[in-house]
Each structure stands twice: as C-alpha cells, then as structure tokens.
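A.B. asks: return a 3D structure for these sequence lines:
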Amino acid sequence: MIKNLIVLASLVFLLNACSNETKKEEWTSWVYPDKSNTKRSMKNGVYKSLEECKQASINKIEELDLSKKASYKCGLNCTYHENMKTDVCKKIAK
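C.D. replies: Take a look at the predicted model:
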C-alpha cells in the first residue's frame, strides 16, 4: 500500500513538473507622450527582452522629439483583460 502511494506521488510530481513549461518572456512597450498624463499612451510593440523594450521605448521617444516630456514603461507577458478593458502584466518595469 505504501509502495503504491509513493509511486502515485512520484507520478503526480513528474506530470506536474512536465506541465509547468516556462513561458517565454515578452515585453510590451508603452510610450506616454506626456508623462503627466498617463491615461494617454501608445503601444510601441512587443520585444524579447526588457533591454530591447527599454531601448525601443527610448528610440520612439527620441523619434517623436519628446525626450524632456515623455515617459515609458515595459510590461512582462501582458494580456488584455476584457472586463477591465486594459492590459494586465505579470511585471512592470522602466
């Protein structure tokens, strides 16, 4: 009986470990043309790393000639939440 429980517990552990694939990182860039008005933003693409996201955000701000006025944020693995009508991210960074 105990041997069966150990085998069953091991099997459950192995199946659980196999199903927990690590999701690849996707960083979404948002640029705020006026950093004092965070309700107005523009999505600036999805990138493979935080560093790529930061650089793309800075490049977009410079392209718009808003270096002194604008801001940005990068969100990790964001998905759109229908009820909240916004993107929800696992982590936000700047």
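
A.B. asks: residues touching residue 24, list them.
C.D. replies: Applying CB atoms under 8 Å, 6 or more residues apart in numbering, one finds that residue 24 lies in contact with residue 48. C-betas here are computed from N, CA, C, even on glycine.

A.B. asks: mind running it again at 10 Å?
C.D. replies: By CB atoms under 10 Å, 6 or more residues apart in numbering, the residues touching residue 24 are 48, 77.

A.B. asks: quickly find the element holding it.
C.D. replies: Here residue 24 is covered by no helix or strand, with elements defined by DSSP states H and E.

A.B. asks: residue 78 touches residue 87, doesn't it?
C.D. replies: Yes. Counting by CB atoms under 10 Å, residue 87 is a contact partner of residue 78 at 4.4 Å.

A.B. asks: overlap in contacts of the two?
C.D. replies: 28, 30, 43.

A.B. asks: inside strands: which ones of those residues?
C.D. replies: Judged by DSSP state E, those include 28, 30, 43 as members of strands.

A.B. asks: that concludes my questions; thank you for your assistance.
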